[in-house]
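> below is the sequence, then the predicted model.
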Protein chains: 2
Amino acid sequence: MGVIVEVENVDEDDAVLIPPSNFSMVEDCIYRSSLPQPSNFPFLQTLNLRSIIYLCPEPYPEENLEFLKSQNIRLFQFGIEGKTEVSLPVLKDSIMEALKVLIDVRNHPILIHCKRGKHRTGSLVGCFRKLQNWCLSSVFEEYQRFAGVKSRTTDLTFIEMFDVLSLRQCLYSIIYQYQGASKKRRLMYQDENLQKPRLTSF
Amino acid sequence: MGVIVEVENVDEDDAVLIPPSNFSMVEDCIYRSSLPQPSNFPFLQTLNLRSIIYLCPEPYPEENLEFLKSQNIRLFQFGIEGKTEVSLPVLKDSIMEALKVLIDVRNHPILIHCKRGKHRTGSLVGCFRKLQNWCLSSVFEEYQRFAGVKSRTTDLTFIEMFDVLSLRQCLYSIIYQYQGASKKRRLMYQDENLQKPRLTSF
């Protein structure tokens, strides 16, 4: 009988994990993906998420909401239409608000997703990379890696034109702190004088 | 004068960072990319690397060697030919040895790279994902995201056939340890009964 128990334990350890499509790590404690399906929930549990940024205007799927509740994950929703003719000022505002949530380490570990993890997620990550002072060609390369043949010039132009200066105040309040022997860098706030992010509770 | 100094500091903070092409985070403290160019060195410094896994048989470029020396980064070289007709047993051995170095947290933070960060790096990351119990379709999706139109069926078959069972002993010695309030997961060794990795010193 002892052998059977052992075999069962091995099976449990061997459970195959299914990350959402277009899943990737963006930075320490920041992830991106497409809309997670229930089959992806066991994988998501391994990330120990504290928050999710959801970039679609559609209501969050009921089963996903239940998963979030069970895991005590906070949902931040910024409804951006999935078409190319999004009003630019509205898009700018949404991305700016989402960025504020994204760089707030109190919300980490955090997952960004829209529907396919290409355009809206790619735009937010692109603006985040500008905040990190990545050169534009590297930002574009990363965007295109996820968007593939669906890459949109409007998104690239938006990222290029996006003014991170207005977020400088936030940027200057962030320091890279080295943690002892592991030399691990982490985004940390030097002060907490930040605007409260908009929270969509459920 | 004080103002000038301040402006200079701002300039320094604003220095544009150029990640190597095909750069991405794989896991906490594990990165992948193409062969870094000198223009990428300032970016690499922000990663606080402890080691690099280099998967080509060609000697490491002199300027890269000097950068590694200056940053006290250890180089592990596993020479895999960049052609499709690599001897399978040799490839298996190299990937297995590279995996042992990769999952050893004493080598983290670590960067994996070959020349373009597509085939050899993609194969190693693919085998690492199998160790992490990712389903094969997700492993393939990630491989293809980096290889793009250069995707090779031989690599995908290699990843599929790669036997991670022989690394199970290592796998079972790894635990996910939660670090206090941050709930941060990290790869940690439960014991250190591991074969010493082959080290290419310079």
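Cool, got the structure.

> C-alpha only now, for contacts and for neighbours.
Will do.

> tell me which stretches of chain A form strands.
A:24-27, A:30-33, A:51-54, A:74-77, A:110-113, A:174-179, A:184-189 (DSSP state E).

> comparing the ones you listed by mean pLDDT, which bottoms out?
Note on the strands of chain A: strand A:174-179 shows the lowest mean pLDDT, a mean of 39.

> of all the residues in the biggest helix by length in chain A, which ones are buried?
Longest helix in chain A, counting residues (DSSP state H): helix A:88-102. Within helix A:88-102, the residues that qualify as buried are A:91, A:92, A:94, A:95, A:96, A:97, A:98, A:99, A:100, A:101, A:102, counting by 16 or more other Cα atoms under 10 Å in any protein chain shown.

> name the nearest residue to the fourth one, sequence neighbours excluded.
Spatial nearest neighbour of residue A:95, chain neighbours left out: residue A:124 (6.1 Å); criterion: Cα to Cα, 6 or more residues apart in numbering or on different chains.

> the third one too?
Of all residues not flanking residue A:94 in the chain, residue A:78 sits nearest, at 6.0 Å (Cα to Cα, 6+ apart).

> ok, the one you found - contacts?
For residue A:78, the contacting residues are A:53, A:54, A:55, A:56, A:57, A:94, A:98, by Cα atoms under 8 Å, 6 or more residues apart in numbering or on different chains.

> quick check: residue A:154 vs residue A:88, distance?
In this view, residue A:154 and residue A:88 are 10 Å apart by Cα to Cα, to the nearest Å.

> neighbours of residue A:45, how many?
Counted with other Cα atoms under 10 Å in any protein chain shown, residues neighbouring residue A:45 total 11.

> need the pLDDT of the residue nearest to it when sequence neighbours are not counted.
Nearest non-adjacent residue to residue A:45, counting by Cα to Cα, 6+ apart: residue A:71, 7.8 Å away. As predicted, residue A:71 sits at a pLDDT of 97.

> and the gap between residue A:71 and chain B?
Counting by Cα to the nearest Cα, to the nearest Å, the gap from residue A:71 to chain B is 13 Å.

> coming back round to it: and the contacts of the longest helix of chain A?
The contact list for helix A:88-102, computed with Cα under 8 Å, 6+ apart, reads A:30, A:53, A:78-80, A:107-108, A:110, A:124, A:127-128, A:162, A:170, A:197-198.

> among the residues you listed, which one sits closest to chain B?
Closest approach between those and chain B, by Cα to the nearest Cα: residue A:108, at 8.2 Å.

> what's near enough to touch the closest one?
Residue A:108 is in contact with A:29, A:30, A:49, A:50, A:51, A:102, counting by Cα under 8 Å, 6+ apart.

> who wins for neighbours among the residues you listed?
Top of the contacts of residue A:108 by neighbour count (other Cα under 10 Å): residue A:102, with 25 neighbours.

> model confidence for that one, exactly?
For residue A:102, pLDDT reads 95.

> distance of the most centrally placed residue in chain A relative to residue B:74?
Geometric centre of chain A, nearest residue: residue A:112, 2.3 Å, by Cα atoms, centre = their mean. Separation of residue A:112 from residue B:74 (Cα to Cα) stands at 34 Å.

> now do residue A:60
46 Å.

> the more surrounded of those two?
The neighbour count for residue A:60 versus residue B:74, taken as other Cα under 10 Å, is higher for residue B:74 (20 against 14).

> that one: what's it in contact with?
Counting by Cα under 8 Å, 6+ apart, residue B:74 touches B:50, B:51, B:52, B:68, B:201.

> now residue A:114: closest residue in space that isn't a chain neighbour?
Once flanking residues are discounted, residue A:114 sits nearest to residue A:55: 4.9 Å by Cα to Cα, 6+ apart.

> from residue A:64, how far off is the one you found?
Applying Cα to Cα, the value for residue A:55 to residue A:64 is 14 Å.

> same question for residue A:25.
Residue A:25 sits 20 Å away from residue A:64, going by Cα to Cα.

> ditto for residue A:107
From residue A:107 to residue A:64 the distance is 18 Å (Cα to Cα).
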